[in-house]
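[1] I'd like to go over a predicted model; first the sequence, then the structure.
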Protein chains: 2
Amino acid sequence: MEKRTLHTVLSPRLLDLYTLSDATIVIIDVFRATSTIATALSHGATAVFPVADVEKCKQLGAELNAITAGERNGQVIEGLLHGNSPAEYPSTFIDGKQLVLTTTNGTKLLKMALDQGAAQIITGSFVNLGSVCQFLEKSQKNVILACSGWKDRFNLEDTLFAGAVADQLSEKFAMNCDSTLMAKQMYQLHKEDMTNFIRNTSHWHRLKAFGLEKDLEFCVTPGAAEVLPLYNPKTAALTAAAIS
Amino acid sequence: MEKRTLHTVLSPRLLDLYTLSDATIVIIDVFRATSTIATALSHGATAVFPVADVEKCKQLGAELNAITAGERNGQVIEGLLHGNSPAEYPSTFIDGKQLVLTTTNGTKLLKMALDQGAAQIITGSFVNLGSVCQFLEKSQKNVILACSGWKDRFNLEDTLFAGAVADQLSEKFAMNCDSTLMAKQMYQLHKEDMTNFIRNTSHWHRLKAFGLEKDLEFCVTPGAAEVLPLYNPKTAALTAAAIS
């Protein structure tokens, strides 16, 4: 049997160069949307609704009587209740609740993947690396690792996570893709030293100004929030899925 | 004095995210447009006219009584005289002549940079790495290293060349750019083993099917064709420029 393929997309701008209709798309926004989504779901949130803009966030939050969350430039957006920090979602707070989340990069990319006909969408970050890899291995689909980047530019933290997935799945998939080869090698180069290396990235410099260093360290901690966030187009929500 | 900035653009699709109006743009298409351009100019071609399509190539070639060149899928395009291989342009053939060249990726990107208001455009590949670095160091402008990729996808050989430039100029420029940091590290990882590593790339696999292995080895040989191809918007041609 021919191996399934795995590709890495380094910016939302490049997503339409790839075939999404037979693939599981992994939305990656390590700092911090997809880390926060995994954290909320692993702490008992019943659903996370990713929305692309603030108005939609407020409206849906009111409709569902859900927690609304979103930041711009490290500040909670006016009219929303919470921010993008995974630290804001311990189980004592989020268990049994629904969360409506808007972010700069990750939620936008998820919407793009949906519009471009993705067969299946999940979200991934280091905190749920194990669950993502298990799910992809067992699924019958090709894989697209889709990095959110920062305002369409390449970023390292999302690339390193793509590399971590490629590293774990390298025997299972055909990876004839320069982006994947690069991501895997960058991950292998830095896997023992992730929190130090990540301090060199542009995103770290941007967020640490807002006092978010602890957040960022959490976001690159493998296994800190193992769960498989699977997007359901009918409900427009991510929920924790069983990996079978 | 504040340091000048250097950014790396990993795909033509990302070019408009960067400020080109105060920068020297280095067009990079290692396999093989910018290697061939350097080779032709270093062997005495008086000018290289990069054009985006075949019809323009034929028309301008007839007008100028110049050599026309272009390939698609490893074959010389019907109606043109020569291919994209640097080996086709020894000084015994190209000295004193003009060349009109159309390629899949590199000439398209050069046109984009021009349309988007680039202050200055040069071309680079490993074969003229030294000249490119000397020129950028002496110029007063910021630098954009623009990778052509393959049909807008990321590729490794262009990224490695960007990394080689960043490596040589790291003291001279501010490089707060994740793409540049990645490119530099990938170059440092593979600089002693370039011709072997490059055999893992997708482009190598694509071109070696056409028997072009020798070409590809030449294209990653630093200093094999030292010259500085500078684009003149008035003549729409690249010519060998003095580095002063």
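    Yep, it's here. Numbers count the residues shown, from 1 in each chain, chains lettered A, B, ... in the order given.
[2] now the helices for chain A?
    Counting by DSSP state H, one finds helices in chain A at the ranges A:33-42, A:54-64, A:91-94, A:106-115, A:129-138, A:156-169, A:178-190, A:194-198, A:202-208, A:213-219.
[3] from what I can see residue A:112 touches residue A:13, true?
    No - Residue A:112 lies out of contact with residue A:13 (Cβ atoms under 8 Å); the separation is 9.6 Å. In short, each C-beta sits where N, CA and C put it, glycine included.
[4] just checking, what packs against the helix-or-strand element of chain A with minimal mean pLDDT?
    Between all helices and strands in chain A, the lowest mean by mean pLDDT, DSSP states H and E belongs to helix A:202-208, at a mean of 80. In terms of contacts (3 or more Cβ pairs under 8 Å, 6 or more residues apart in numbering or on different chains; DSSP states H and E), helix A:202-208 is packed against helix A:156-169, helix A:213-219.
[5] leaving out the residues flanking it, which one is nearest to residue A:64?
    Of all residues beyond its chain neighbours, the one nearest residue A:64 is residue A:98 (5.5 Å), with distances taken as Cβ to Cβ, 6 or more residues apart in numbering or on different chains.
[6] residue A:133 and residue A:238, how far apart?
    The spacing between residue A:133 and residue A:238, counted by Cβ to Cβ, to the nearest Å, is 18 Å.
[7] ok, now which ones touch residue A:126?
    A:30, A:35, A:161, A:164, A:194, A:219-222, A:224 (Cβ atoms under 8 Å, 6 or more residues apart in numbering or on different chains).
[8] so what pLDDT did it get?
    For residue A:126, the model assigns a pLDDT of 98.
[9] residues from chain A in reach of chain B?
    A:10-11, A:13-14, A:17, A:151-156, A:159, A:176-179, A:181-182, A:185-186, A:189, A:200-203, A:205 (Cβ under 8 Å from any Cβ of the partner chain).
[10] for PyMOL, what selects the buried ones among the residues you listed?
    Here is the PyMOL selection string for the buried members of these, based on 16 or more other Cβ atoms under 10 Å in any protein chain shown:
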select buried, chain A and resi 10+11+13+14+17+152+153+154+155+156+159+177+178+179+181+182+185+186+189+201+202+203
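[11] poorly predicted segments of chain A, please.
    A:1 (pLDDT under 70).
[12] residue A:204 versus residue A:153, what's the distance?
    In terms of Cβ to Cβ, residue A:153 sits 14 Å off from residue A:204.
[13] so how far is the least confident helix or strand of chain A off the chain centroid?
    The chain centroid and the centroid of helix A:202-208 are separated by 18 Å under Cα atoms, centre = their mean, to the nearest Å.
[14] give me the neighbour count for the spatially closest residue to residue A:21 that is not a sequence neighbour.
    Spatial nearest neighbour of residue A:21, chain neighbours left out: residue A:117 (4.9 Å); criterion: Cβ to Cβ, 6+ apart. Using other Cβ atoms under 10 Å in any protein chain shown, residue A:117 is surrounded by 13 other residues.
[15] same question for the one 5 residues further on.
    Neighbourhood size, residue A:122 [other Cβ under 10 Å]: 23.
[16] and if you look at residue A:30?
    28.
[17] give the contact list for the closest residue to it other than its chain neighbours.
    Nearest in space to residue A:30, with sequence neighbours left out and distances taken as Cβ to Cβ, 6+ apart, is residue A:157 at 4.2 Å. Counting by Cβ under 8 Å, 6+ apart, residue A:157 touches A:30-31, A:198, A:201, A:203-204, A:219-220.
[18] swap the cut-off to 7 Å and go again
    By Cβ atoms under 7 Å, 6 or more residues apart in numbering or on different chains, residue A:157 lies in contact with A:30-31, A:198, A:201, A:203, A:220.
[19] then residue A:228?
    A:122, A:128, A:131-132, A:135, A:240-241, A:243.
[20] buried subset of these?
    A:122, A:128, A:131-132, A:135, A:240-241, A:243.
[21] isn't residue A:198 right next to residue A:205, touching?
    No - between residue A:198 and residue A:205 there is no contact under Cβ atoms under 7 Å: 10.6 Å.
[22] on that earlier part again, isn't the residue nearest to residue A:64 right next to residue A:66, touching?
    Yes - judged on Cβ under 7 Å, residue A:98 makes contact with residue A:66 at a distance of 3.8 Å.
[23] what is the neighbour count of the residue nearest to residue A:64?
    When neighbours are counted by other Cβ under 10 Å, residue A:98 comes out with 20.
[24] the one 4 residues further on now?
    Other residues within reach of residue A:102 by the criterion other Cβ under 10 Å amount to 28.
[25] please name the nearest non-neighbouring residue to it.
    Residue A:102 sits nearest to residue A:70 (Cβ to Cβ, 6+ apart), 3.9 Å away.
[26] next up, the contacts around the one you found.
    Counted by Cβ under 7 Å, 6+ apart, residue A:70 has contacts A:54, A:57, A:77, A:80, A:84, A:101-103.
[27] got the phi/psi numbers for residue A:19?
    As for residue A:19, its main-chain torsions (degrees, to the nearest 10) stand at phi -90, psi 110.
[28] bridging residues for the closest residue in space to it that isn't next to it in sequence?
    On the basis of Cβ to Cβ, 6+ apart, the spatially nearest residue to residue A:19 that is not a chain neighbour turns out to be residue A:142, at 7.6 Å. For residue A:142, the beta-bridge partners under DSSP bridges are residue A:23.
[29] could you count how many residues lie near residue A:142?
    22.
[30] likewise residue A:130?
    Neighbour tally, residue A:130, other Cβ under 10 Å: 16.
[31] now the one 10 residues further on
    Residues within reach of residue A:140, counting by other Cβ under 10 Å, total 7.
[32] for residue A:22, same thing?
    15.
[33] that one contacts residue A:120, correct?
    No - with contacts counted by Cβ under 7 Å, residue A:22 stays clear of residue A:120, the gap being 9.6 Å.
[34] find residues that contact each of the two.
    With Cβ under 7 Å, 6+ apart, residue A:22 and residue A:120 have common neighbours residue A:141.
[35] tell me the bridge partners for the residue nearest to residue A:64.
    Under the criterion used (DSSP bridges), residue A:98 bridges to residue A:47.
[36] which ones are touching it?
    So residue A:98 contacts A:45-47, A:49, A:64, A:66-67 (Cβ under 7 Å, 6+ apart).
[37] select only the buried ones of those residues in ChimeraX?
    Below is the selection syntax for ChimeraX that covers the buried ones among the contacts of residue A:98, with 16+ other Cβ under 10 Å defining burial:
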select /A:45,46,47,49,64,66,67
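[38] which of the contacts of residue A:98 sits closest to chain B?
    residue A:49 (28.9 Å; Cβ to the nearest Cβ).
[39] pull up the gap between residue A:218 and residue A:198, please.
    12 Å.
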